[in-house]
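In: whatever this is, show me its structure:
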Amino acid sequence: MEFEPVIGLEVHAQLKTRTKIFCGCSTKFGAPPNTHTCPVCLGMPGVLPVLNKKVVDFTLAMAIATNCRIAAESRFARKNYFYPDLPKGYQISQYELPIAENGYIDIETQGERKRIGITRIHMEEDAGKLIHDPNRPLSRVDFNRTGVPLIEIVSEPDIHSAEQAGAYLRQLRAIVRYLGISDGNMEEGSFRCDANVSIRPRGSDVFGTRTEIKNLNSFRHVEEALRFEIARQTEVLLEGGNVVQETRLWDPDQKKTVAMRGKEEAHDYRYFPDPDLLPLVVEKQWIEEVRKRLPELPGERKARFTREYDLPAYDSEVLTASRELADYFEACVKSYPRAKQVSNWVMGSVLGYLNAQGKTIEQCNVSADHLAQLLSLIDSGTISGKMAKEVFDEMWQTGKSPKEIVKEKDLVQVTDRSALEAVVDAVLTRHPGEVEAYRCGKTKLLGFFVGQVMKQTQGKANPKMVNEILREKLE
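Out: Alright, predicted model coming up:
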């Protein structure tokens, strides 16, 4: 029997507000434990939460960007459960009346477009962080993260492969970063994902028993965990067993999911409206104000790059993966209007260096203006493409302009025809046997002669001109 995976993703994105969702404590990452806390986020008796308007502003931006219907009135609810990192004994979230529902985003995998529905987006507060001692059987709790604002984005079960799940997550992350509402850093936990996965006979419309996978802190882990879980459930059913509804953890070292606990249902949390918070009313004027401030989104920018710059779809996708990278590319094209050449250098040398050093485009040592200057030097014949690689390396190391480096290292390309003819004549005179062989049909020896000329000129000769002169003299 052939099975079809059915996957739904729950994504939590930490919002980039300066203060927490219901109090004035800082949200800054990396502070000493329990220094960004107050009676409100610690749940002390008698305190009252006050909603941070910026949180709503950011959530509205995400709702508009993902084509959601925004509720005129939504409510906060208490999600009740006990855990050491939850000082109040409940988490303020939204349940029956979320702020946004019924949206979608479009993704592309293997050249095919697919629409993934979004069930809901709602606001909630984060819990604290447990820190387990590696040497002793004890844990400590840091409440700095308690009350940090989150949005939860719940997809429809429209995803049917690990690759589609990865594409969906990358698109969501790109959107929150383009909007400037979250840094989308999975390693620091500001963009987190839980995956619900089941399988069913292909062609059936009945859902199978699902499991929830947690501890997914990278796109690679999400895709690996889903592939494993789909294979595991398939094996269980083929052997005549039943999939158990449970929460499982992804173990990246063993490359497998392991059982954690039974899967909770909504009624286990005893949701009820929070009596300390009034219903949230969002007027149309507020929505339109947010809509007017939205930037060009990644899907729109990708389409424009393909259309306006005549780039391949792959180039456009890579270049628009982040707003900052797309800005860098366009800044370079503004000074050097040959988009494909710019794309080749950005995707090759620039991203190659950044990835090797674990840096982002904001930390790039070569400015867009300097890259444009380098490409102009190639076009003018001042340096060759091979020289340009050497100059780029030096630009990366020093931050100097290409013109400075070319002058300091005396890398100007030799384009004086008479000077090159003299070098070519000398090379041909020293290699009479190879000249005779070339004239007898071994035309591949042209590369040998070019190499000898380049060696004599320390790589400074114009390769195109060298080829022309050699062909003329070897006829």
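
In: tell me which residues of the longest helix along the chain are tucked away?
Out: For the chain, the helix with the greatest residue count under DSSP state H is helix 219-238. For helix 219-238, burial by neighbour count (16 or more other CB atoms under 10 Å) applies to 219, 221-230, 232-234, 237. (C-beta placed from N, C-alpha, C; glycine too.)

In: for stretch 398-412, same thing?
Out: Applying a neighbour-count criterion of 16+ other CB under 10 Å, one finds 400-402, 405-406, 411 buried in stretch 398-412.

In: hmm, residue 90 is touching residue 82, no?
Out: No: taking contacts as CB atoms under 8 Å, residue 90 lies outside contact range of residue 82: 9.3 Å.

In: who has more neighbours, those two?
Out: residue 90 (19 against 7; other CB atoms under 10 Å).

In: tell me the bridge partners for the more buried one.
Out: Here residue 90 sits in beta bridges with residue 80, going by DSSP bridges.

In: report the contact partners of it.
Out: Each residue near residue 90 by CB atoms under 8 Å, 6 or more residues apart in numbering is listed here: 78-81.

In: and the protein, what are its domain boundaries?
Out: 3-288, 301-409, 417-474 (automatic domain parsing).

In: tabulate those domains (JSON lines), appending distance to residue 294 and mean pLDDT.
Out: Below are the domains of the chain laid out as JSON lines (distance: least, CB to CB, whole Å; pLDDT from 0 to 100):
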{"stretch": "domain 3-288", "distance to residue 294": "6", "mean pLDDT": "93"}
{"stretch": "domain 301-409", "distance to residue 294": "12", "mean pLDDT": "92"}
{"stretch": "domain 417-474", "distance to residue 294": "48", "mean pLDDT": "79"}
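
In: residue 295: which of these is closest?
Out: Checking these against residue 295 by CB to CB gives domain 3-288 as the closest, at 5.8 Å.

In: how far off centre is the closest one?
Out: 18 Å (CA atoms, centre = their mean, to the nearest Å).

In: measure that domain end to end?
Out: Using CA to CA, to the nearest Å, one end of domain 3-288 lies 45 Å from the other.

In: now swap in stretch 358-378 and tell me
Out: Start and end residues of stretch 358-378 are separated by 29 Å (CA to CA).

In: and for stretch 104-122?
Out: Stretch 104-122 stretches 15 Å from its first residue to its last (CA to CA).

In: what residues of that stretch count as buried?
Out: Within stretch 104-122, the residues that count as buried by 16+ other CB under 10 Å are 105, 107, 114, 116-122.

In: quick one on the thing from earlier: and the helix or strand following the longest helix of the chain, what's buried?
Out: The first helix or strand that comes after helix 219-238 along the chain, using DSSP states H and E, is strand 246-251. Neighbour counts over strand 246-251 (16+ other CB under 10 Å) mark 246-250 as buried.

In: just give me the longest strand of the chain.
Out: The single longest strand within the chain, with elements called by DSSP state E, is strand 112-125.

In: distance of residue 51 from residue 452?
Out: Going from residue 51 to residue 452 by CB to CB, to the nearest Å gives 76 Å.

In: about what we covered before: out of the buried residues of helix 219-238, the closest to residue 318 would be?
Out: Distances from residue 318 to the buried residues of helix 219-238, taken by CB to CB, are shortest for residue 219, at 14.8 Å.

In: my read is that the closest one contacts residue 168, right?
Out: No: Residue 219 is beyond contact range of residue 168, at 10.2 Å (criterion: CB under 8 Å).

In: find the nearest non-adjacent residue to residue 435, please.
Out: Of all residues not flanking residue 435 in the chain, residue 428 sits nearest, at 5.5 Å (CB to CB, 6 or more residues apart in numbering).

In: also residue 317?
Out: Sequence neighbours aside, residue 302 is the residue nearest to residue 317 in space, at 5.8 Å (criterion: CB to CB, 6+ apart).

In: re earlier: return the closest of the buried residues of stretch 398-412 with respect to residue 198.
Out: Nearest member of the buried residues of stretch 398-412 to residue 198, counting by CB to CB, is residue 402, at 55.9 Å.

In: what sits against that closest one?
Out: Residues in contact with residue 402 (CB under 8 Å, 6+ apart) are 370, 373-374, 377, 391-392, 395.

In: separation between it and residue 353?
Out: Residue 402 is 15 Å from residue 353, by CB to CB.

In: element containing residue 157, please.
Out: In the assignment (DSSP H and E), residue 157 maps to no helix and no strand.

In: the stretch 251-400 of the chain: helices as residue ranges?
Out: Counting by DSSP state H, counting those that start in this stretch, the stretch 251-400 of the chain has helices at residues 284-293, 298-308, 313-319, 323-335, 339-345, 351-357, 368-379, 385-398.

In: what angle sits between the longest one and helix 368-379?
Out: Put simply, helix 385-398 runs at 160 degrees to helix 368-379, going by axes from the mean of the first three to the mean of the last three CA atoms, to 10 degrees.
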